[in-house]
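Chemist: Show me the folded form of this:
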Amino acid sequence: MVIGIIGNTQGINKPAKPPRNARIKNIKIGPTLPAFVSENVLKILIDKFGLGAISTPEKDIAEALKK
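Modeler: A predicted model of the protein is given here:
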């Protein structure tokens, strides 16, 4: 019996790279940061992904609807 291979056959050890337009931006988290996020990691998340803190539900919904 022959079983087909499903998935990335180009390189098993290489992670798939998402297309540039599929990168996630403007992430909101809160009310507190996860314990594993250090200052250096936080700076990278803010700079590369637009990480921001949540505020009130009303303000967050209004901001999300503007985009």
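
Chemist: For Ile29, give me phi and psi.
Modeler: Main-chain torsions, Ile29, degrees, to the nearest 10: phi -130, psi 160.

Chemist: residues contacting it?
Modeler: Ile29 is in contact with 51-54, counting by CB atoms under 8 Å, 6 or more residues apart in numbering. All C-beta spots, glycine's among them, are computed from the backbone N, C-alpha and C.

Chemist: Please apply the same query to Val37.
Modeler: Applying CB under 8 Å, 6+ apart, we find Val37 in contact with Leu45.

Chemist: Confirm it sits in a strand?
Modeler: No. Val37: not assigned to a strand; according to DSSP: H, G, I helix; E, B strand; the rest coil it is coil.

Chemist: I'd like the numbering to begin with 31 instead of 1 from here.
Modeler: Fine by me, first position is 31 from now on; the one you just mentioned is Val67.

Chemist: Could you check how far it is from Gly82?
Modeler: Separation of Val67 from Gly82 (CB to CB, to the nearest Å): 14 Å.
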